[in-house]
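*Asks:* This is a predicted model, with the sequence first.
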Amino acid sequence: MLRTIQSTLIAGCSAWCLTACHDQVTSSPLTQRAYVWQREWTPAVSDAVKNADTSKLDGLILFGAEIVWDHGKPKPVRCSINWQSVRSFHKPVSIAMRIAPYAGAFVADDDVARTLADTAKSLLTKLNDEHVRCTEFQLDYDCPQKKLASYALWVRTLRKAVYPTRLVITTLPAWLDEPEFVRLLELADGYVLQVHSMPPSQPAAHASVCDPDRAIRWVAKADKLAHPFEVALSTYSAVVGYDEAGNLRGVALDAVQPSWPDGTRTMHLDSDAEALSALVNEWRASHPPHLRGIIWYRLPVATDQRNWRTSTFSAVIEGRGLIHQLVAHATDGNPADLSIVNAGNLDENFTGKVTARWPDEAPVASDAMRGWSVQIDGQHAEFTRTQPLRLPAGAGRSIGWLRFNQRASLHVEVIR
């Protein structure tokens, strides 16, 4: 389910570009749902699901199980869903099953296909036992695009296994050009076009998890197939590691924390909230007629390290403005402790300065926290960030301190 995009972010999306890509557009409402994609449901995940009940989301898709491979044999790994939290969410709930990359043959009725079908049935049975109505079963598999005809065997098997529950398959942009793709769509009740993809194969100066410009083109191409679909957009960020020759070493997300070897070069890829908010607002006003909704990957959780904050996510799905607002604070004591707080609803990468001024004599001592330097000149101190500071929305960080002979009245300011 995790993919990052291979291109440079082109920020902003204009209405003329959208209409130019389509013969027809509509302003009918778009649904918005979100994936809950954790194997282990910590208290923070459960709280996020409970809180989503009062959000503008129209539904959630729960990660139910993943089929992994043990010496070529299928092995279902179930997710530890907190069903009490799910029952507190009074909007439509779907369940998803992911299949890990598979190199074997596709057969309609072998041990693999039977395991897929049995796992799907057991997930739906569990939802029923927990008194949770399931509106949809999603099948998530990154099938190689030249094997779509073979993949259709699995889709047929799962269509029978989950009937009468609606079957939706997740799809990749690369599939859109394949002749077998349309035939594959005939086997499902709907599909999700995922427009966040793999990381760049080489380090790039600027890159994004999800490129709105490409998303517009892919959605336009999907619309021409005349099948209703949803589009999956990203909220997460990633750190990508490359060796000295520029070869990809790995991707670090919240659930994946590789130990980078010496000499690894890293690149940070974000989901640009402002660009994606602009894209969604354009689609709200006018979108291709077969586009029915947006699914966000993934629902923010308070403990996430590489995902939008809830305040960012709420602003985007509600169509509200996104605000840059960094504020400096100084305590009233002596020494005076200085800090910087992100009071906006967007994550920030801060590289500027924080200044402090006072009316009387200079401090007798000072110090800066790691990653900061401090210079004092008369009645002025300048704390400079020596390396970028990633500051999530709502978060604060200490900067340093100033000690005076007697308590001083400080005026502090952020200079970007």
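*Replies:* Thanks, I have it.
*Asks:* quick one: low-confidence parts of the protein?
*Replies:* For the chain, the stretches flagged by pLDDT under 70 are 1-23, 198-202, 205-206, 255-256.
*Asks:* Longest helix in it, by number of residues?
*Replies:* Secondary structure of the chain per DSSP state H: the longest helix is helix 111-129.
*Asks:* Alpha carbons only: can I get it in PDB?
*Replies:* Coordinates of each C-alpha in helix 111-129 appear next as PDB, following Å, rounded to 0.1, in the frame of the first residue of the first chain:
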ATOM      1  CA  ASP A 111      -3.800 -23.800  -2.300                       C
ATOM      2  CA  VAL A 112      -3.000 -20.100  -2.900                       C
ATOM      3  CA  ALA A 113      -6.400 -19.200  -4.300                       C
ATOM      4  CA  ARG A 114      -8.200 -21.200  -1.600                       C
ATOM      5  CA  THR A 115      -6.200 -19.400   1.100                       C
ATOM      6  CA  LEU A 116      -7.100 -16.000  -0.400                       C
ATOM      7  CA  ALA A 117     -10.800 -16.900  -0.500                       C
ATOM      8  CA  ASP A 118     -10.800 -18.400   3.000                       C
ATOM      9  CA  THR A 119      -9.100 -15.400   4.400                       C
ATOM     10  CA  ALA A 120     -11.500 -13.000   2.700                       C
ATOM     11  CA  LYS A 121     -14.500 -15.000   4.000                       C
ATOM     12  CA  SER A 122     -13.100 -15.100   7.500                       C
ATOM     13  CA  LEU A 123     -12.600 -11.300   7.600                       C
ATOM     14  CA  LEU A 124     -16.300 -10.800   6.600                       C
ATOM     15  CA  THR A 125     -17.400 -13.300   9.200                       C
ATOM     16  CA  LYS A 126     -15.400 -11.500  11.800                       C
ATOM     17  CA  LEU A 127     -17.100  -8.200  10.900                       C
ATOM     18  CA  ASN A 128     -20.500  -9.800  11.200                       C
ATOM     19  CA  ASP A 129     -19.600 -11.500  14.500                       C
END
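*Asks:* Next SSE downstream of it?
*Replies:* Next helix or strand after helix 111-129 toward the C-terminus (DSSP states H and E): strand 134-141.
*Asks:* which strands and helices sit next to that following strand?
*Replies:* Packing partners of strand 134-141 (3 or more C-beta pairs under 8 Å, 6 or more residues apart in numbering; DSSP states H and E): strand 59-70, strand 93-99, helix 111-129, helix 148-162, strand 167-171. Backbone N, C-alpha and C define where each C-beta goes, glycine included.
*Asks:* before we move on, the earlier item: roughly how far is the longest helix of the chain from the heart of the chain?
*Replies:* Chain-centre distance of helix 111-129: 27 Å, with C-alpha atoms, centre = their mean, to the nearest Å.
*Asks:* One more: stretch 166-185?
*Replies:* Between the centre of stretch 166-185 and the centre of its chain there are 22 Å (C-alpha atoms, centre = their mean).
*Asks:* And that stretch, what's buried?
*Replies:* 167-173, 175-176, 180-181, 184-185 (16 or more other C-beta atoms under 10 Å).
*Asks:* Which residues does that stretch contact?
*Replies:* Residues outside stretch 166-185 that contact it (C-beta atoms under 8 Å, 6 or more residues apart in numbering) are 1, 94, 96, 135-143, 145-146, 148-149, 151-152, 155, 158-159, 188-195, 197, 214, 218, 221-222, 225, 227, 232.
*Asks:* about what we covered before: now the buried residues of stretch 166-185 as a markdown table including distance to residue 275?
*Replies:* Supplementary listing: the buried residues of stretch 166-185 in a markdown table, determined by distance: C-beta to C-beta, whole Å:
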| residue | distance to residue 275 |
| --- | --- |
| 167 | 32 |
| 168 | 27 |
| 169 | 27 |
| 170 | 23 |
| 171 | 23 |
| 172 | 21 |
| 173 | 18 |
| 175 | 24 |
| 176 | 22 |
| 180 | 33 |
| 181 | 28 |
| 184 | 31 |
| 185 | 29 |
